[in-house]
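Undergrad: Just need the structure, nothing else, for what follows:
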Amino acid sequence: MIFDYFGKHFDNALLTIIYAYDTEVIVIGGSVAKAKDYYAAKAIEIVNNRAYSKSKARILFSELNNAALLGAASLI
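TA: Got it, this is the predicted structure:
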């Protein structure tokens, strides 16, 4: 299924972000967040099992409709 393929590569991207930036929270927004019912449980499971042990990274999904616009506006 397409979401399994997407989930595998999405998980790798999340792990890369966690390893590179040692982040505590990753917020997913937009249309990717809207489709979370199809991949979120698996993504969170893989990140929790594969991220290095010191990582406290959490994955959150935005419920805002215009998250990118609000984020950009906050920089002004």
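Undergrad: Okay, buried residues for the lengthiest helix in the chain please.
TA: Longest helix of the chain, by residue count under DSSP state H: helix 2-21. For helix 2-21, burial by neighbour count (16 or more other C-beta atoms under 10 Å) applies to 7, 10-11, 14-15, 18. In short, each C-beta sits where N, CA and C put it, glycine included.
Undergrad: cool, stretch 33-48 as well?
TA: For stretch 33-48, by 16+ other C-beta under 10 Å, it's 33, 39-40, 43, 46-47.
Undergrad: Give the rounded mean pLDDT of it.
TA: Stretch 33-48 shows a mean pLDDT of 82.
Undergrad: which residues sit against it?
TA: 3, 6-7, 10-11, 14-15, 18, 28, 57, 59, 61-63 (C-beta atoms under 8 Å, 6 or more residues apart in numbering).
Undergrad: at 6 Å what do you get?
TA: Surrounding stretch 33-48, the residues in contact under the criterion C-beta atoms under 6 Å, 6 or more residues apart in numbering are 3, 7, 11, 14, 59, 61-62.
Undergrad: Next, report how far it is displaced from the centre of its chain.
TA: 8 Å (C-alpha atoms, centre = their mean, to the nearest Å).
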